[in-house]
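1. test case, fold it:
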Amino acid sequence: MRTVQASPRVRIAPSPTGYFHVGTGRTALFNWMFARREGGTFVLRIEDTDTARNRPEHVEGILSSLRWLGLDWDEGPYLQSERGELYRSAISALVERGAVYACDCTTAQIQQRARERGGPPGYDGFCRDRGLDAGDSLMLRFKTPREGTLQFMDLVRGDPTFPLAAIEDFGVRKSNGEPLFILANVVDDADMAITHVVRGEDHTSNTPKYALLWEALGYGELPVFAHLPLINNAQGKKLSKRRDKVAVEDFRDDGYLAEAMVNYLALLGWSPGDDREILGLDEMVEAFRLEDVKSAPAIFDERKLAAVNSHYLRGLPEAEFVERSQEWLRSRWAPLAPLVQERVRTFAEVYTMADFAYRPEPVVDQVEWRKAVRKNAKFGEVLEAAIETLSVATWDVEGIHQALSSAGEKVGVANLRDAQAPVRLAVMGRPVGPPLMEGIEVLGRDRTLSRLRSGQVRLHEESPTG
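-> Residues are numbered from 1 along each chain as shown. Model prediction:
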């Protein structure tokens, strides 16, 4: 087995297309602990080439989540959107070396020919033979060798071997000239001198393509890989944003301690080799070995996390407990203060007016909910349309207003108040409270969408046929 280099370099490369997933947090932590133990470098790279889905607030979510977890980076953040010349140069090199070919076929056409010829699903020898111009208007595919096998070093999974005949001719450039994920990933890792690629198990199938591109571009010795196990929920199913609470930001906002979250994430697929479940960060760094990471899926159980968090809370000195409690309350309260101040008559009413922002889920007024459902035949349609429009809205008061107006128009509800009522109940739990658009802006896109989806589930469960 290859020994760890004197100064290893690792990276975390999240995409700013949504919340900061706990799985990404675990991957970042394992990279960070490895770098700190080995005296290496932890690089932060933002893979922001998906212009249709990237959002500035998600970049900030990545940075703030890493800071909250205490995972300081040594280099970066590098933005892929600022590195286009590197990708264009690599694509030109592949074209010059005859490693890629232009393809104007649809996926369905490729799959049909693959079935007819008995090749892998993405293999298109027909396009290889046509000699199309590799200009900027066609997709470029890599000419995957058809014979032999490919093997790479994986510190978690041994030395996986893949038959080349089973690997499709994968795309490296879109028809609009933009690089695809696999090409940018390889070029960045080479340019940043990454020695160890520590990432989720779901990327294992991409690694043979990574290795083929790495060799075709002449980058020399491959990095060492470590593909971390999947994270399942307490029922043994893969964590799903539609079903499970998975955003690091949500746990932070719900009042979990960062040190408890780090402790719990570290034990998802790794242990220090004894029965300890409560470890300080220095202890974890000292004990951590990539070779000790298990390959079996890890289980994320919020009840277990809550128990770990309770242990850390009980261990706080009383003065620190009070200060950190107040700090958390202030962080949740400050953006809402001007909205609530205009509407309360006593301080006793403040909490009732603002508790939707403190709780993991709102306390829904069942009487008002059922009344609104009876009065509005399009209650469910409004929730569905609001999810659709808010998913892509500009996240400010004006953008949210436009999104809810558009949602009402989509389902034929012309009155904005009627379009807002189901959304308010699902998001805030009550028919009255702070201004809806301002409240939603404070709550954030991910928590708002999660509550709207929970409202859909509630509506289905309470319907006569549900």
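
2. where are the low-confidence patches of the chain?
-> Along the chain, the model assigns pLDDT under 70 to residues 1-6, 122, 464-466.

3. domain-wise, how is it divided?
-> 9-82+230-311, 84-228, 358-462 (automatic domain parsing).

4. please name whichever of these is nearest to E323.
-> Counting by Cβ to Cβ, E323 lies closest to domain 9-82+230-311 out of these; the figure is 12.8 Å. To be clear about C-beta, it is placed using only N, CA and C from the backbone, and glycine gets the same treatment.

5. how about the helices of the stretch 251-400 of the chain, start to end?
-> Applying DSSP state H, counting those that start in this stretch to the stretch 251-400 of the chain gives helices spanning 258-266, 281-287, 302-314, 318-333, 337-341, 348-358, 366-375, 379-390, 397-410.

6. same list (these) but as TSV, adding mean neighbour count.
-> What follows is these, written out as TSV (neighbours: other Cβ atoms under 10 Å):
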stretch	mean neighbour count
helix 258-266	22
helix 281-287	16
helix 302-314	15
helix 318-333	12
helix 337-341	14
helix 348-358	16
helix 366-375	14
helix 379-390	21
helix 397-410	18
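
7. ok, which of those helices comes nearest R9?
-> Per Cβ to Cβ, nearest to R9 of these: helix 281-287, 17.0 Å.

8. take the domains of the chain and write them to JSON lines, including distance to P335.
-> Formatted as JSON lines, the domains of the chain follow (distance: least, Cβ to Cβ, whole Å):
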{"stretch": "domain 9-82+230-311", "distance to P335": "12"}
{"stretch": "domain 84-228", "distance to P335": "33"}
{"stretch": "domain 358-462", "distance to P335": "4"}
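
9. ok, which of the ones you listed comes nearest A334?
-> That would be domain 358-462 among the domains of the chain, by Cβ to Cβ, at 9.4 Å.

10. first-to-last residue distance for that closest one?
-> Length of domain 358-462, first residue to last, Cα to Cα, to the nearest Å: 26 Å.

11. excluding its backbone neighbours, what's nearest W395?
-> Distances taken as Cβ to Cβ, 6 or more residues apart in numbering place R445 nearest to W395, at 5.5 Å, with adjacent residues excluded.

12. the one you found contacts T17, doesn't it?
-> No: checked against Cβ atoms under 8 Å, the pair R445 and T17 is beyond contact range at 11.4 Å.

13. please identify which of these two sits among more neighbours.
-> R445 (21 against 13; other Cβ atoms under 10 Å).

14. which helix or which strand is home to the closest residue to L183 other than its chain neighbours?
-> The spatially closest residue to L183, leaving aside those adjacent along the chain, is V172, at 4.3 Å (Cβ to Cβ, 6+ apart). For V172, the element it lies in under DSSP states H and E is strand 171-173.

15. quick check: what element follows that strand along the chain?
-> helix 181-191.

16. for that next one, C-alpha coordinates in CSV please.
-> Below are the C-alpha coordinates for helix 181-191, written out as CSV (Å, rounded to 0.1, in the frame of the first residue of the first chain):
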residue,chain,number,x,y,z
PHE,A,181,-18.5,17.7,-14.1
ILE,A,182,-16.0,14.9,-14.6
LEU,A,183,-13.6,16.9,-16.8
ALA,A,184,-13.6,20.0,-14.5
ASN,A,185,-13.1,17.7,-11.5
VAL,A,186,-10.1,16.0,-13.0
VAL,A,187,-8.5,19.2,-14.2
ASP,A,188,-9.0,21.0,-10.8
ASP,A,189,-7.6,18.1,-8.8
ALA,A,190,-4.5,18.0,-11.0
ASP,A,191,-4.0,21.8,-11.0
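
17. can you get me a residue count around A102?
-> Under the criterion other Cβ under 10 Å, the count of neighbours that A102 has is 20.

18. what's the answer for F152, then?
-> 20.

19. list the contacts for it?
-> Each residue near F152 by Cβ atoms under 8 Å, 6 or more residues apart in numbering is listed here: 159-160, 207-208, 211, 222, 225.

20. just the buried ones from those?
-> Buried by 16 or more other Cβ atoms under 10 Å: 160, 207-208, 211, 222, 225, out of those.

21. among the residues you listed, name the ones in strands.
-> F225 (DSSP state E).

22. possible to save the buried ones among the contacts of F152 as JSON lines with distance to H58?
-> Output for the buried ones among the contacts of F152, formatted as JSON lines (distance: Cβ to Cβ, whole Å):
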{"residue": "P160", "distance to H58": "32"}
{"residue": "T207", "distance to H58": "26"}
{"residue": "P208", "distance to H58": "30"}
{"residue": "A211", "distance to H58": "30"}
{"residue": "L222", "distance to H58": "31"}
{"residue": "F225", "distance to H58": "27"}
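
23. show me which pair in the buried ones among the contacts of F152 is furthest apart.
-> Every pair of those checked by Cβ to Cβ; the farthest is P160 and L222, at 12.6 Å.

24. off-centre distance for whichever strand or helix holds R67?
-> Using DSSP H and E, R67 maps to helix 56-69. The chain centroid and the centroid of helix 56-69 are separated by 11 Å under Cα atoms, centre = their mean, to the nearest Å.

25. contacts for it, please.
-> 12, 14, 16-20, 25, 28-29, 44, 46, 48, 72-73, 77, 248-249, 252, 258, 261-262, 395, 445.

26. next secondary structure after it?
-> Assigned by DSSP H and E, the successor of helix 56-69 is strand 75-79.

27. tell me the angle that following strand makes with helix 181-191.
-> 150 degrees (axes from the mean of the first three to the mean of the last three Cα atoms, to 10 degrees).

28. wait, doesn't D159 sit right on Q151?
-> Yes: contact criterion Cβ under 8 Å: D159 and Q151 qualify, at 5.4 Å.

29. my read is that E47 contacts A184, right?
-> Yes: under the criterion of Cβ under 8 Å, E47 makes contact with A184 at 7.1 Å.

30. overlap in contacts, these two.
-> In contact with both E47 and A184: Q80, using Cβ under 8 Å, 6+ apart.

31. look at these two and report which has more neighbours.
-> A184 (22 against 19).

32. OK, contacts around that one?
-> 47, 49, 80, 83, 87.

33. same deal with D189?
-> 11, 197, 223.

34. quick check: closest non-adjacent residue to the last one.
-> Read it as P223. In space, P223 is closest to V197, 4.8 Å off (Cβ to Cβ, 6+ apart).

35. with the first one instead?
-> With Cβ to Cβ, 6+ apart as the measure, V43 is the residue that lies nearest to R11, at 4.0 Å, once sequence neighbours are left out.

36. what's across from the residue nearest to P223 in the sheet?
-> F225 (DSSP bridges).

37. just give me the neighbour total for it.
-> The number of residues near V197, taken as other Cβ under 10 Å, comes to 22.

38. centre-most residue in the chain?
-> Nearest to the geometric centre of the chain sits H21, at 4.4 Å (Cα atoms, centre = their mean).

39. ok, the closest residue to that one other than its chain neighbours - contacts?
-> With sequence-adjacent residues excluded and distances taken as Cβ to Cβ, 6+ apart, H21 is closest to V246, at 5.4 Å. By Cβ under 8 Å, 6+ apart, V246 lies in contact with 19, 21-23, 239-240.
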